[in-house]
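[1] turn this into a model:
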Amino acid sequence: MTGLPLPPVPEPYHLPFHYGALHNIGVDYLVEPGPVRELLAKRHPALAAAEFGGRACVSLNYQLYFAQYPTGGGITEEVEINVIAHPRNAADRLPAVGYGEYARGYDRTGLLGIARLHVLCDNPFAIDAGTRLYAEPKYPGWFVTVLPSLNAAAVHDRWSFSCRRAALEPDRTDAADGHNGPDGQDGADAPRRLRRYDEELLAVEADLAGLDGEPVVNTPITGYGTDQEGRLLAGPLLVHQPYRFHPLDDRTAGRIRLTLGDRTAEAVGDLARLVGEAPAAGVWTYQSAPVAAHHRAYYLP
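    Modelled structure (predicted):
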């Protein structure tokens with residue numbers, strides 16, 4: 001048999017990684033391709049930026065997810081700064097799709113994927129796992145959010161997340177903060193305590209109330225990473241239910257507000273250079289369905 005060996009799965013991790021619940025909002029920007037090509041050549045030289053009508057696509061992807069392990073559960077928040085890209089040697093296999101067709105999942109080759117430029121995350125285990133399993137450029141951050149929720153007096157179709165600066169500090173104490181690792185093992189030797197700072201790096205506010213949306217089957221999503229040896233990795237993410245896609249135009253792009261903090265921070269500076277003043281082109285959301293409900297109590301005579 002010919003072909004490349006599969007990347008290793010280091011202990012204590014197991015694949016596939018199963019999400020118990022996922023809440024997700026992504027915002028896409030169609031931008032000038034020059035700066036995107038330049039940064040992509042430095043970070044992922046085996047990839048080329050996809051173009052839609054002569055524009056490249058930068059995508060912000062916020063996730064809140066839960067995972068269950070044998071000894072407990074863990075909650076993770078993260079935001080990815082991505083570029084939609086494909087392997088350079090596969091350009092002749094790509095279908096000719098526009099942005100709207102891409103966002104609706106018309107490309108079934110899996111070649112149009114997300115090239116991760118920065119991933120900020122509040123779970124030390126997830127930082128370690130993403131780095132070691134998928135060559136993600138992943139480092140600490142933390143989040144303040146307002147998300148649609150059935151556990152609120154009213155369910156509004158409004159999303160916002162603020163990503164704040166954080167750092168990892170040594171801590172060998174078994175996690176009592178909800179960030180248990182796989183099988184409850186200590187596993188990686190990376191620091192485990194997240195230290196939070198007030199400094200805001202970036203924030204997104206999305207008001208989707210009243211906007212038309214449509215269900216789209218746009219996964220598996222191929223996530224690209226480049227390891228320390230320069231090898232290109234591709235890891236598919238399969239979400240088992242449709243996303244909801246909101247195409248935006250000049251009339252509705254103002255429903256999305258992006259705020260950037262200190263631009264000397266690498267992630268913020270890169271995002272500022274790539275997106276500039278470009279309006280948002282589309283929004284896609286996903287919320288896991290509830291699996292149970294504890295109802296209101298009643299009196300017994």
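
[2] can you point out the buried residues in stretch 88-105?
    Buried residues in stretch 88-105, counting neighbours by 16 or more other C-beta atoms under 10 Å, are found at 97, 99, 102, 103, 104, 105. Quick note: C-beta positions are derived from backbone N, CA and C, even for glycine.

[3] which of those residues sit farthest apart?
    Every pair in the buried residues of stretch 88-105 was compared (C-beta to C-beta); the two farthest apart turn out to be 99 and 105, at 12.4 Å.

[4] CSV for the buried residues of stretch 88-105, including secondary structure, distance to residue 131 and pLDDT?
    Shown next, in CSV, are these (DSSP: H, G, I helix; E, B strand; the rest coil; distance: C-beta to C-beta, whole Å; pLDDT from 0 to 100):
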residue, secondary structure, distance to residue 131, pLDDT
97, coil, 31, 96
99, helix, 30, 98
102, helix, 28, 97
103, helix, 28, 97
104, coil, 32, 97
105, coil, 28, 96
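
[5] wait, which of those is closest to residue 162?
    residue 103 (25.0 Å).

[6] who are the contact partners of the closest one?
    Applying C-beta atoms under 8 Å, 6 or more residues apart in numbering, we find residue 103 in contact with 28, 216, 218, 245, 247, 282, 284.

[7] okay, those residues in TSV with secondary structure and distance to residue 301 next?
    Converted to TSV, those look like this (DSSP: H, G, I helix; E, B strand; the rest coil; distance: C-beta to C-beta, whole Å):
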residue	secondary structure	distance to residue 301
28	strand	58
216	strand	52
218	coil	54
245	strand	52
247	strand	56
282	strand	56
284	strand	51
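
[8] who wins for neighbours among those?
    When neighbours are counted by other C-beta atoms under 10 Å, residue 28 leads the contacts of residue 103 with 25 neighbours.

[9] so that residue bridges to which residues?
    Beta-bridge partners of residue 28, counted by DSSP bridges, are residue 59, residue 282.

[10] that one against residue 275, yeah?
    No: the pair formed by residue 28 and residue 275 falls short of the contact definition of C-beta atoms under 8 Å, at 10.3 Å.
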